[in-house]
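> Please work out how this folds:
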Amino acid sequence: EVQLVESGGGLVQPGGSLRLSCAASGFTFSSYTMTWVRQAPGKGPEWVSGISNGGGSSSYADSVKGRFTISRDNAKNTLYLQMNSLKPEDTAVYYCVKGSITTGYDYWGQGTQVTASS
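Below is the predicted model of the structure:
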(Lines give C-alpha, C1' and ligand atoms only; values in the text may rest on other atoms or scores of the structure.)
Protein backbone atom coordinates (compact mmCIF):
# COMPACT_ATOMS: atom_id res chain seq x y z
CA GLU A 1 0.00 0.00 0.00
CA VAL A 2 1.38 3.37 -1.02
CA GLN A 3 1.64 5.85 1.84
CA LEU A 4 2.83 9.45 1.84
CA VAL A 5 2.96 11.12 5.24
CA GLU A 6 3.79 14.82 5.46
CA SER A 7 5.07 16.58 8.55
CA GLY A 8 6.70 19.86 9.55
CA GLY A 9 3.90 22.33 8.95
CA GLY A 10 2.87 24.96 11.45
CA LEU A 11 2.41 28.64 12.21
CA VAL A 12 5.31 30.95 11.40
CA GLN A 13 5.71 34.70 11.18
CA PRO A 14 6.22 36.25 7.75
CA GLY A 15 9.89 36.03 6.88
CA GLY A 16 10.31 32.82 8.81
CA SER A 17 11.23 29.33 7.68
CA LEU A 18 9.82 25.82 7.80
CA ARG A 19 11.00 22.47 6.52
CA LEU A 20 8.41 20.00 5.34
CA SER A 21 9.10 16.26 5.16
CA CYS A 22 7.25 13.49 3.38
CA ALA A 23 7.90 9.89 4.38
CA ALA A 24 7.09 7.52 1.53
CA SER A 25 6.42 3.79 1.64
CA GLY A 26 4.81 1.04 -0.42
CA PHE A 27 6.64 1.75 -3.67
CA THR A 28 10.18 2.12 -5.01
CA PHE A 29 10.67 5.75 -4.03
CA SER A 30 13.90 6.19 -5.97
CA SER A 31 12.14 5.36 -9.25
CA TYR A 32 9.67 8.23 -9.25
CA THR A 33 9.54 11.96 -9.73
CA MET A 34 7.99 13.57 -6.68
CA THR A 35 6.04 16.79 -6.39
CA TRP A 36 4.81 19.30 -3.82
CA VAL A 37 1.37 20.83 -4.43
CA ARG A 38 -0.40 23.36 -2.21
CA GLN A 39 -3.97 24.50 -1.83
CA ALA A 40 -4.87 27.81 -0.23
CA PRO A 41 -8.29 28.42 1.34
CA GLY A 42 -10.91 28.93 -1.35
CA LYS A 43 -8.50 28.23 -4.20
CA GLY A 44 -7.61 25.31 -6.42
CA PRO A 45 -4.45 23.22 -6.14
CA GLU A 46 -1.22 24.94 -7.14
CA TRP A 47 1.90 23.09 -8.28
CA VAL A 48 4.85 24.24 -6.15
CA SER A 49 7.90 22.15 -7.05
CA GLY A 50 9.03 18.86 -8.52
CA ILE A 51 12.20 16.77 -8.34
CA SER A 52 13.45 13.96 -10.56
CA ASN A 53 13.81 10.43 -9.25
CA GLY A 54 17.55 10.76 -8.69
CA GLY A 55 17.34 14.31 -7.36
CA GLY A 56 19.48 15.79 -10.09
CA SER A 57 16.78 17.95 -11.60
CA SER A 58 14.22 20.19 -9.92
CA SER A 59 11.80 22.91 -10.88
CA TYR A 60 9.78 25.56 -9.08
CA ALA A 61 6.73 27.73 -9.52
CA ASP A 62 7.64 31.37 -10.11
CA SER A 63 5.87 32.28 -6.88
CA VAL A 64 8.37 30.31 -4.76
CA LYS A 65 11.53 30.38 -6.86
CA GLY A 66 14.53 31.56 -4.85
CA ARG A 67 12.76 30.97 -1.54
CA PHE A 68 11.89 27.25 -1.54
CA THR A 69 14.21 24.29 -2.09
CA ILE A 70 13.06 20.77 -2.86
CA SER A 71 15.28 17.79 -2.07
CA ARG A 72 15.08 14.06 -1.45
CA ASP A 73 16.93 11.33 0.38
CA ASN A 74 16.35 8.09 -1.49
CA ALA A 75 18.10 6.06 1.20
CA LYS A 76 15.48 7.29 3.68
CA ASN A 77 12.53 7.34 1.23
CA THR A 78 11.90 10.93 2.21
CA LEU A 79 11.04 14.09 0.27
CA TYR A 80 11.70 17.56 1.67
CA LEU A 81 10.67 21.15 1.05
CA GLN A 82 12.74 23.87 2.70
CA MET A 83 10.70 27.07 2.79
CA ASN A 84 12.43 30.36 3.58
CA SER A 85 11.23 33.96 3.60
CA LEU A 86 7.66 32.81 3.99
CA LYS A 87 4.90 35.20 2.98
CA PRO A 88 1.24 35.31 4.03
CA GLU A 89 0.33 34.18 0.51
CA ASP A 90 2.23 30.94 1.12
CA THR A 91 -0.46 29.94 3.62
CA ALA A 92 -1.95 26.68 2.38
CA VAL A 93 -2.18 22.97 2.92
CA TYR A 94 0.92 21.40 1.37
CA TYR A 95 0.67 17.97 -0.21
CA CYS A 96 3.36 15.47 -1.14
CA VAL A 97 2.44 13.82 -4.43
CA LYS A 98 3.85 10.81 -6.26
CA GLY A 99 4.36 11.52 -9.95
CA SER A 100 4.56 14.49 -12.26
CA ILE A 101 2.46 16.40 -14.75
CA THR A 102 3.93 14.13 -17.44
CA THR A 103 3.26 10.76 -15.79
CA GLY A 104 0.24 11.81 -13.78
CA TYR A 105 -0.27 12.24 -10.05
CA ASP A 106 -1.48 8.94 -8.64
CA TYR A 107 -1.02 9.22 -4.87
CA TRP A 108 -1.35 12.16 -2.50
CA GLY A 109 -0.47 12.51 1.15
CA GLN A 110 -2.95 13.83 3.72
CA GLY A 111 -1.38 17.29 3.66
CA THR A 112 0.21 19.54 6.28
CA GLN A 113 -0.98 23.05 7.10
CA VAL A 114 1.44 25.95 6.71
CA THR A 115 0.34 29.34 8.00
CA ALA A 116 2.48 32.46 7.63
CA SER A 117 0.90 35.14 9.77
CA SER A 118 1.82 37.72 12.38
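> Okay, buried residues for stretch 110-118 please.
For stretch 110-118, the neighbour count (16 or more other Cβ atoms under 10 Å) marks 111-112, 114, 116 as buried. For the C-beta atoms, the positions are set from N, CA and C on the backbone; glycine is no exception.
> Share the number of residues neighbouring residue 43, please.
By other Cβ atoms under 10 Å, 9 other residues sit near residue 43.
> dump the residue contacts of it.
residue 92 (Cβ atoms under 8 Å, 6 or more residues apart in numbering).
> close enough to count as contact, residue 73 and residue 80?
Yes: proximity of residue 73 to residue 80 meets the contact threshold set by Cβ atoms under 8 Å, at 7.5 Å.
> got a list of contacts for the helix or strand of the chain with the lowest mean pLDDT?
When each helix and strand of the chain is scored by mean pLDDT, DSSP states H and E, strand 104-108 comes last, with a mean of 93. Strand 104-108 is contacted from outside by 2, 4, 27, 35, 37, 95-99, using Cβ under 8 Å, 6+ apart.
> Each with direction, which strands does that strand pair with?
Sheet pairing of strand 104-108 (DSSP bridges) gives strand 92-100 (antiparallel).
> from the contacts of strand 104-108, which two are the most distant?
27 and 37 (18.0 Å; Cβ to Cβ).
> of those two, who's got more company?
Here residue 27 and residue 37 are compared on neighbour count by other Cβ under 10 Å; more neighbours surround residue 37, at 21 against 16.
> quick one: the helices in this protein?
Using DSSP state H, the chain contains no helices.
> Quick check, central residue of it?
Closest to where the C-alpha atoms of the chain average out (Cα atoms, centre = their mean) is residue 36, at 3.0 Å.
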